[in-house]
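**Student:** please work out how this folds:
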Amino acid sequence: MEKIAVLVDTGSDIDLEKSKEFGIYLMPFYVNLDGEFYKEQEELKAEDFYKWIEKNEKLPKTSIPSPGELKEKFDQIKNDGFEKLIIITISKNFTGFYNLCSQMEYDGLEIAVIDSQSVALTSGLLAIYTKDLIKKGYEFKEIVEMVEDKKKESKIFFTIDTFKYIIAGGRVPKAFGKVGELLNIKPIVVCDPADGKYHIVKTCRGEKKVLKEMEKLANEYLGKIDKYYMIISNGGYKKGSEILEEKLKEFKDKSTLFLTSQIAPSLGANTGPGLFGFGFLPID
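**Tutor:** Below is the predicted model:
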């Protein structure tokens, strides 16, 4: 059997605990708080990050690791006995990490870089799926092709509490945000693997209607699938994800693998606190 490792960036919401559980390597992104850079997951926890935003009422800057740090990670993976490496990144529309990995030259590892064209734990679910294919004994090139094909089936839907931060991040027009705040309109946003970008699929007035629409989306997509991994995530709004988890209990119980997560600071820096949603990855 080929010795194949899997690496994800921390924008995938694979935390230290999940990294150990599933045997997946992590490459931390950086977040700048008050002039100090912190490695998310390792030096900065998501809950502390969202508290900082609420206190300071602004979005911090984020950055990817340096080429030297990435090389050190490759050294570690090689020294751990691996011969091949599959890197799965969050959508290149939100980070330069995919481009960095694609441009790196490194002797001693055969490397494939996959743009998940998604964000948060749906990228992580793709990595878990990849690990499962490795365990089943598929060859390196087969796995890369299967994962490239499988990523097209992933979906993540989420809502945000306020347009304030997503406007500051340049994700929606300012005029739309002003109307949304005035009318208490909350969007349901999808990261579509067709283009790896955010799209507003529905707007609702109030959280109760958002939850009803998310139930409809779960029925529309998961009602047709027999086997799937599922996640429920939040960004500084645990209560929202708990309510959603109860609403989607039928689909949670049916899932082959169910996970919860907090949206990583590197993504939360574009949305702010008050986010919650669900995602899934159909499996074979």
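**Student:** mind exporting stretch 100-112 as CSV, just the C-alpha atoms?
**Tutor:** C-alpha atoms of stretch 100-112 as CSV (Å, rounded to 0.1, in the frame of the first residue of the first chain):
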residue,chain,number,x,y,z
LEU,A,100,1.3,28.8,-2.8
CYS,A,101,1.0,25.0,-2.6
SER,A,102,0.7,24.7,-6.4
GLN,A,103,3.9,26.8,-6.9
MET,A,104,6.0,25.0,-4.3
GLU,A,105,8.8,22.7,-5.5
TYR,A,106,9.8,19.9,-3.2
ASP,A,107,12.0,16.8,-3.6
GLY,A,108,11.1,13.6,-1.8
LEU,A,109,7.3,13.8,-2.0
GLU,A,110,4.9,13.4,-4.9
ILE,A,111,2.3,16.1,-4.2
ALA,A,112,-1.2,16.8,-5.6
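**Student:** ok, and what's touching that stretch?
**Tutor:** 64-65, 67, 70-71, 74, 77-78, 82-87, 89, 113, 140, 144 (CB atoms under 8 Å, 6 or more residues apart in numbering). For the C-beta atoms, the positions are set from N, CA and C on the backbone; glycine is no exception.
**Student:** state the mean pLDDT of it.
**Tutor:** The pLDDT scores in stretch 100-112 average 95.
**Student:** list the buried residues in that stretch.
**Tutor:** Leu100, Cys101, Ile111, Ala112 (16 or more other CB atoms under 10 Å).
**Student:** between these, which is nearest Leu133?
**Tutor:** Ala112 (12.6 Å; CB to CB).
**Student:** among the buried residues of stretch 100-112, which are in helices?
**Tutor:** Among the buried residues of stretch 100-112, DSSP state H puts Leu100, Cys101 in helices.
**Student:** make TSV from the buried residues of stretch 100-112 and add distance to Gln41 to it.
**Tutor:** TSV is the format used below for these (distance: CB to CB, whole Å):
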residue	distance to Gln41
Leu100	18
Cys101	18
Ile111	22
Ala112	23
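**Student:** quick one: which of the buried residues of stretch 100-112 is nearest to Lys18?
**Tutor:** Distances from Lys18 to the buried residues of stretch 100-112, taken by CB to CB, are shortest for Cys101, at 20.5 Å.
**Student:** which segments of the chain make up each domain?
**Tutor:** 4-151, 153-282 (the TED database).
**Student:** which stretch in these has the least confidence?
**Tutor:** domain 153-282 (a mean of 86).
**Student:** chain center to that one, what's the gap?
**Tutor:** 12 Å (CA atoms, centre = their mean, to the nearest Å).
**Student:** list buried residues within the contacts of stretch 100-112.
**Tutor:** Buried among those (16+ other CB under 10 Å): 64-65, 70, 74, 77-78, 82, 84-87, 89, 113, 140, 144.
**Student:** which of these sit farthest apart?
**Tutor:** Ile64 and Phe140 (25.3 Å).
**Student:** and the strands in the protein?
**Tutor:** For the chain, the strands defined by DSSP state E occupy 4-9, 25-27, 30-33, 36-39, 61-63, 84-89, 110-115, 155-159, 185-192, 197-205, 228-235, 257-262, 275-282.
**Student:** any chance of JSON lines for those, columns distance to Trp52?
**Tutor:** Listed next are these as JSON lines, based on distance: least, CB to CB, whole Å:
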{"stretch": "strand 4-9", "distance to Trp52": "21"}
{"stretch": "strand 25-27", "distance to Trp52": "22"}
{"stretch": "strand 30-33", "distance to Trp52": "6"}
{"stretch": "strand 36-39", "distance to Trp52": "10"}
{"stretch": "strand 61-63", "distance to Trp52": "13"}
{"stretch": "strand 84-89", "distance to Trp52": "25"}
{"stretch": "strand 110-115", "distance to Trp52": "29"}
{"stretch": "strand 155-159", "distance to Trp52": "21"}
{"stretch": "strand 185-192", "distance to Trp52": "23"}
{"stretch": "strand 197-205", "distance to Trp52": "23"}
{"stretch": "strand 228-235", "distance to Trp52": "13"}
{"stretch": "strand 257-262", "distance to Trp52": "14"}
{"stretch": "strand 275-282", "distance to Trp52": "15"}
